[in-house]
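Q: Below: sequence and its predicted model.
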Amino acid sequence: MTSSPDRMRRLVQKVSSTRTFARVAPYVVPALDRAVHRLTGGRVLLSARMLPGLVLTSRGAATGLPRRVPLACMPEDAAAAGWLLVGSNFGRDAHPAWTGNLLKHPDAEVSWQGRTIPVRARLLEGAEREAAWRAVVAFWPPYATYQARIERRIRLFRLTRRDQGGGDGGRDGGHGGGRGSADDGRHDGPPSA
């Protein structure tokens with residue numbers, strides 16, 4: 001017999017795959033997550049009840065100002081030494097702004113379970129991206145629906161702790177700057193991705 005949390009998870013996956021969710025969620029989910037995160041001193045993200053979540057603080061691609069955005073993530077191990085972030089933008093046509101910010105300024109911070117952790121982001125490509133993509137789709141199947149709905153290739157980032165040698169030390173992580181655009185910190189992914 002299927003447990004109640006499993007049924008709930010499948011229901012949320014089904015709802016989060018719809019175009020209606022893609023239109024509404026980018027406005028509702030981040031606002032709720034930001035408010036709860038602020039009220040709980042960084043310990044709680046509402047959407048993390050279905051998917052692990054963090055709050056990414058990066059510098060805006062155009063302004064260089066701090067931009068905070070709650071995102072779903074896939075921790076890569078039990079110690080959370082790294083995370084995968086999926087720039088799905090709920091299956092909408094444009095890349096989410098936070099991905100452009102990370103391309104230009106890969107050094108960032110995450111708020112993870114009440115702790116602030118310095119990280120470096122790296123855009124995944126080639127075989128490494130394909131392996132990570134299979135893992136995130138197995139973790140949250142709606143990502144495949146989002147990709148099928150749009151023509152752009154969804155950006156996939158690996159975040160590693162800077163205090164554990166995460167990255168090559170370069171300012172732009174070897175990806176150049178300026179790809180992507182706005183730095184308004186728009187939210188991405190289901191339910192608080």
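A: Sure, I can see it.

Q: so where do the helices sit in this structure?
A: With DSSP state H, the ranges of helices along the chain come out as 4-16, 19-39, 97-104, 126-139, 142-149.

Q: TSV please, covering the ones you listed and showing mean pLDDT and mean neighbour count.
A: For every residue, glycine as well, the C-beta is placed using N, CA and C. Compiled in TSV, these are given as follows (pLDDT from 0 to 100; neighbours: other Cβ atoms under 10 Å):
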stretch	mean pLDDT	mean neighbour count
helix 4-16	70	14
helix 19-39	73	16
helix 97-104	98	27
helix 126-139	96	14
helix 142-149	93	19
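
Q: looking at those helices, which is closest to Pro70?
A: helix 19-39 (3.7 Å; Cβ to Cβ).

Q: In this protein, which strand is the longest?
A: Selection of the longest strand in the chain by residue count, based on DSSP state E, yields strand 115-123.

Q: Convert it to PDB, retaining C-alpha atoms only.
A: Coordinates of the C-alpha atoms in strand 115-123 are reproduced here as PDB (Å, rounded to 0.1, in the frame of the first residue of the first chain):
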ATOM      1  CA  ARG A 115      23.400  27.900   8.200                       C
ATOM      2  CA  THR A 116      25.100  30.300   5.700                       C
ATOM      3  CA  ILE A 117      27.600  28.500   3.500                       C
ATOM      4  CA  PRO A 118      29.900  30.000   0.900                       C
ATOM      5  CA  VAL A 119      29.700  28.200  -2.400                       C
ATOM      6  CA  ARG A 120      31.000  28.300  -5.900                       C
ATOM      7  CA  ALA A 121      28.700  27.500  -8.800                       C
ATOM      8  CA  ARG A 122      29.700  25.800 -12.000                       C
ATOM      9  CA  LEU A 123      27.500  25.300 -15.100                       C
END
